[in-house]
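Trainee: sharing a model that was predicted from the sequence below.
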Amino acid sequence: MINLNKSYLFFLALTFLIPILDFFYYLKNIDLVSIGKFPFLILFVISIIYHFKNRIYLTFTSVLFLLSLFFSFILSFFYQNNINSATFSHSYSFLMPIFSISFGYHFYAAYIENTQLQLFFKKIMYISFWVSICLTLGYIYSYYITKEWGYFGFGTGLPLIFGYILTINPKIAFFSFFLNIFSGKRTGIIVTIVQYIRLLKFKKLLQTPIAATFSICVLIFLVQIMNKYDIFQRFELILDFNSNDAYMIFISTGGRLTEIISLFNYWSMNPEKLIFGSALGAKFLFVDPRGEFPNELMHYSHFSPTFYVFLIGLPLTILLYISILKPLKYISSLEPLTLIFLSFFVSSFFGSIMFVDPRFWFFFGCLLGYKKLKSTQYV
């Protein structure tokens, strides 16, 4: 079964290559985004195959997804939802976490017992890290130097493994932090800052005036450099927010708040679905103020909490987040692997990670494994 674990890690590394597809789009106008979905599907398939011979480790979170799937299936008939692509997408969003959490838990149990697997995991993380560095450098060259890249902002997987690298090797992590700033991606910058705040010992810093003064001077210098190269451009858009201007609401929040507003309009006409959810195959009307997709029917929202409220209702969503929040206190530098989940969790509030990306739930399963097994391994 070690080989299956290594296979999973191999395809995990491939997911960090997905941003390279953006180069084809922004430099050659070739859209290959659909290809990027395959590594995630393979991760899901591997987690299913693993359980042909291994029991599923059911957690409270997993049971919630099972119950939600059952009720959503029944409600979809009651609501007379049509069977469509959204039905299969929603079914995946229910089933994928169950298998991924269990696989992550079993993986961690094998991980702490097998030095070879630990070394392989470390190698995979370093390869993923350096691939992300190279992709970021490629973006910086294409956007800031040759001006070929027409869109400000490039996301890589670097922030997702930043906490792990920061604990294992702070020196190269510091280097990657500054590169990530020039990516212009607000989510990535926020994630790395959260990891830094977790690491900093503020009391110790304040007790050494020279170090504190030096840190402040470096910070001021960096802010000036970032301002010179318009790194704050995407953050400044937030300041342009105008609640009376639908176009600026969309632009300043990357469409996230527009999705939420569309959902609240949907719930105002279907208040019962705020409580019970809209079930499998449901869609809501998304009005794009830019006019590109004026009447688009969407089956998800990028803001994870509203997606789950849309799908399973408010009460079950609250229980789901409680089940995720409780183990967060076990995230520790004693086990750098758990820091990866912290990055995924922060990122989940800015994108559709929780319901499309098996890595989120895989590392959640690893965190649960650490929670249960840490007393015999680390304490």
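Mentor: It's in.
Trainee: please make it C-alpha for all contacts and neighbour counts, starting now.
Mentor: Fine.
Trainee: what ranges does the stretch 51-200 of the chain have for its strands?
Mentor: For the stretch 51-200 of the chain, applying DSSP state E, counting those that start in this stretch gives no strands.
Trainee: for this protein, name the helix or strand with the lowest mean pLDDT.
Mentor: Across the helices and strands of the chain, mean pLDDT, DSSP states H and E gives its lowest value to helix 202-206, namely a mean of 50.
Trainee: what about the closest residue in space to residue 90 that isn't next to it in sequence, neighbour count?
Mentor: The shortest distance from residue 90 to any non-neighbouring residue, by CA to CA, 6 or more residues apart in numbering, is to residue 280 (5.8 Å). Neighbour count of residue 280, defined by other CA atoms under 10 Å: 29.
Trainee: now the helices for the stretch 1-150 of the chain?
Mentor: 2-15, 20-28, 38-50, 60-78, 85-111, 115-140 (DSSP state H, counting those that start in this stretch).
Trainee: ok, residue 301 - contacts?
Mentor: Counting by CA atoms under 8 Å, 6 or more residues apart in numbering, residue 301 touches 256, 259-260, 307, 352.
Trainee: residue 41 versus the residue nearest to residue 90, what's the distance?
Mentor: 20 Å (CA to CA, to the nearest Å).
Trainee: and for residue 156?
Mentor: 19 Å.
Trainee: okay, those two: which has more neighbours?
Mentor: Neighbour count, other CA under 10 Å: between residue 156 and residue 41, residue 156 has more, with 23 against 17.
Trainee: how about the contacts made by the more buried one?
Mentor: By CA under 8 Å, 6+ apart, the neighbours of residue 156 are 16, 19, 132, 135-136.
Trainee: could you do residue 371 as well?
Mentor: Contacts were defined as CA under 8 Å, 6+ apart; by that measure residue 371 touches 327, 330.
Trainee: which element is it on?
Mentor: helix 358-377 (DSSP states H and E).
Trainee: shaky segments in this protein?
Mentor: 1-2, 200-216, 218-255, 288-295, 375-379 (pLDDT under 70).
Trainee: ok, 50 please
Mentor: For the chain, the stretches with pLDDT under 50 are 202-203, 205, 375-379.
Trainee: give me the number of residues near residue 300?
Mentor: 22.
Trainee: got phi/psi on it?
Mentor: Phi and psi for residue 300, reported as degrees, to the nearest 10, are phi -160, psi 170.
Trainee: surely it touches residue 307?
Mentor: Yes: using CA atoms under 8 Å, residue 300 is in contact with residue 307, at 5.5 Å.
Trainee: quick revisit: I'd like the contacts of residue 156 laid out as TSV, including distance to residue 368.
Mentor: Listed next are the contacts of residue 156 as TSV, based on distance: CA to CA, whole Å:
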residue	distance to residue 368
16	24
19	29
132	27
135	32
136	32
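Trainee: now compare the residues you listed and name the two farthest from each other.
Mentor: 16 and 136 (11.8 Å; CA to CA).
Trainee: quick one: residue 116 from residue 103, how far?
Mentor: 18 Å.
Trainee: higher neighbour count, the two?
Mentor: residue 103 (30 against 11).
Trainee: what's the more buried one in contact with, if anything?
Mentor: By CA under 8 Å, 6+ apart, the neighbours of residue 103 are 47, 50-51, 56-57, 362, 365.
Trainee: surely the residue nearest to residue 90 is in contact with residue 86?
Mentor: Yes: Residue 280 is within contact range of residue 86, at 7.2 Å (criterion: CA under 8 Å).
Trainee: for residue 296, which non-adjacent residue is spatially closest?
Mentor: Per CA to CA, 6+ apart, closest to residue 296 is residue 286, 5.2 Å.
Trainee: re earlier: now the buried members of the contacts of residue 103.
Mentor: For the contacts of residue 103, a burial check counting by 16 or more other CA atoms under 10 Å picks out 47, 50, 56-57, 362, 365.
Trainee: how about the residues you listed in TSV, adding distance to residue 199?
Mentor: TSV is the format used below for the buried ones among the contacts of residue 103 (distance: CA to CA, whole Å):
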residue	distance to residue 199
47	32
50	35
56	35
57	32
362	24
365	23
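Trainee: what's the most distant pair in those residues?
Mentor: 50 and 365 (14.3 Å).
Trainee: number of residues surrounding residue 286?
Mentor: 22.
Trainee: quick one on the thing from earlier: closest one to residue 182 out of the buried ones among the contacts of residue 103, please.
Mentor: residue 362 (29.3 Å).
Trainee: let me know whether the closest one touches residue 98 as I believe.
Mentor: No: because the distance of 9.5 Å does not satisfy CA under 8 Å, residue 362 is recorded as not touching residue 98.
Trainee: about what we covered before: what angle do the helix holding residue 371 and helix 85-111 make?
Mentor: 30 degrees (axes from the mean of the first three to the mean of the last three CA atoms, to 10 degrees).
Trainee: check which residues of helix 358-377 are buried.
Mentor: Neighbour count says helix 358-377 has 358-371, 374 buried, by 16+ other CA under 10 Å.
Trainee: do the same with stretch 316-334
Mentor: Quick answer for stretch 316-334 (16+ other CA under 10 Å): 316-317, 320, 323, 328, 330-333.
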